[in-house]
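Asks: What follows is a predicted structure for the sequence shown.
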Amino acid sequence: MTLPTMNLREKLVAIYEELDHVEKAGRNKTQNYNFVRSADVLRDVRTAFAAHRIYAETNFTETGSYDIKTNSGGNMHASKVKVDIILYDVDSDETKHISGLGDGADVGDKGVYKAQTGAVKNALRNGLLLPDEADPEADTSVDDNVEPAPRREFRQPPPFSPAPTPRQIIAEEREKEPESSESDASPDNGNINAAQAPFATVSGEQLAKYRARCVELQKKLTAAGLKSSRTLRVGSKFLMYLLDTTGAANVSQISTSVWEAFLDVAEQMDIEKLVKQVNYSVKLKQKEKSDGEETETQTETSK
């Protein structure tokens with residue numbers, strides 16, 4: 001079974017279609033013009049990134065600073081900043097770099113912060129091609145007398161349907177299966193390679209085949225660089241990935257169709273990418289456990 005997923009470029013194209021522009025909600029009363037606020041750009045882009053599981057990391061470099069004499073004889077401190085934003089695709093581990101420049105001036109010490117804000121706004125707007133009527137080359141004394149060029153008509157592309165992720169498809173497989181009763185399920189023994197146990201809707205012969213395929217995957221993962229830690233062996237890490245991807249609380253809840261979907265995805269995935277996926281799931285599980293223990297400690301302390 002082939003389970004398609006969107007790569008990072010496809011996700012960005014989907015964002016192009018979802019995010020047409022950002023409204024000019026800001027108003028400069030002194031110079032009488034509207035502008036796109038940085039907070040509005042960040043809010044809309046962040047919402048789109050979160051929906052498509054894209055994480056953004058920003059890195060700033062100050063490229064210069066200077067002072068500006070004010071009409072009153074004082075000084076304004078100005079800074080020039082470059083921002084590099086790395087976009088990480090959580091599902092495919094692909095990355096993309098976008099950058100932007102920003103200048104900021106202030107009579108106090110906030111010039112660099114203004115420059116950072118402008119740089120991020122410019123990077124996101126340019127990186128995602130968000131349109132703006134403001135043109136730095138515009139000259140109203142000349143442009144108003146020029147006949148505008150005829151507007152080209154573009155055919156509307158067909159609606160873009162994002163390809164489902166492996167987790168979504170596996171979740172659909174789970175929904176198709178009837179829920180098993182508590183008497184059908186057995187406690188998870190915490191080891192995918194352990195002795196056979198009564199699995200819900202999975203026969204002993206099927207389970208043996210699934211276990212053998214898991215063992216082969218673990219061998220490939222080990223050869224590709226997945227290592228055991230002091231507390232977790234490779235088999236335990238693979239189990240965490242299995243439960244995280246299938247959404248099951250324990251192995252006994254995994255049905256035949258979900259087993260097939262999971263193994264098809266894992267066996268077709270690039271092995272280095274699979275190593276990253278496994279390590280990512282381990283971090284998530286460990287963080288959930290740590291957060292749970294911290295919450296329990298705080299509850300006990302409050303008593």
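Replies: Happy to help now that I have it. Numbers count the residues shown, from 1 in each chain.

Asks: what sits against Ile98?
Replies: Counting by CB atoms under 8 Å, 6 or more residues apart in numbering, Ile98 touches 84-85, 87, 123-124, 126-127. All C-beta spots, glycine's among them, are computed from the backbone N, C-alpha and C.

Asks: which among the residues you listed end up buried?
Replies: Buried members of the contacts of Ile98, scored by 16 or more other CB atoms under 10 Å, are 85, 87, 123-124, 127.

Asks: And Ser38, how close does it get to Lys121?
Replies: From Ser38 across to Lys121, the span is 4 Å (CB to CB, to the nearest Å).

Asks: for Val251, that is, sorry about that
Replies: 48 Å.

Asks: These two: which is more packed in?
Replies: Between Val251 and Lys121, counted using other CB atoms under 10 Å, the more crowded position is Val251 (26 against 23).

Asks: in the stretch 201-303 of the chain, which ranges drop under the pLDDT threshold?
Replies: Residue ranges of the stretch 201-303 of the chain with pLDDT under 70: 201, 291-303.

Asks: Across the sheet, point out what pairs with the most centrally placed residue in the chain.
Replies: Geometric centre of the chain, nearest residue: Ile54, 2.2 Å, by CA atoms, centre = their mean. Taking DSSP bridges as the rule, Ile54 bridges to Asp89.

Asks: Please enumerate the helices of the stretch 151-300 of the chain.
Replies: Taking DSSP state H, counting those that start in this stretch, the helices of the stretch 151-300 of the chain run over residues 166-176, 204-223, 234-246, 256-268, 271-302.

Asks: the strands in the stretch 1-150 of the chain, which residues?
Replies: Using DSSP state E, counting those that start in this stretch, the strands of the stretch 1-150 of the chain run over 26-28, 33-35, 54-69, 75-89, 95-106.

Asks: so can I have TSV of these showing mean pLDDT?
Replies: Formatted as TSV, these follow (pLDDT from 0 to 100):
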stretch	mean pLDDT
strand 26-28	81
strand 33-35	81
strand 54-69	88
strand 75-89	90
strand 95-106	90
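
Asks: Buried ones in stretch 115-132, by neighbour count?
Replies: 115-125, 127-128, 130.

Asks: repeat for stretch 276-283
Replies: Residues 276-282 are the ones in stretch 276-283 that count as buried (16+ other CB under 10 Å).

Asks: Likewise for stretch 258-270?
Replies: Counting neighbours by 16+ other CB under 10 Å, the buried set in stretch 258-270 is 258-266, 269.

Asks: ditto for stretch 209-228
Replies: Buried, per 16+ other CB under 10 Å, within stretch 209-228: 210, 213-214, 217-218, 221-222, 226.

Asks: ok, Thr61 - how many residues close by?
Replies: Around Thr61 there are 11 other residues, counting by other CB under 10 Å.
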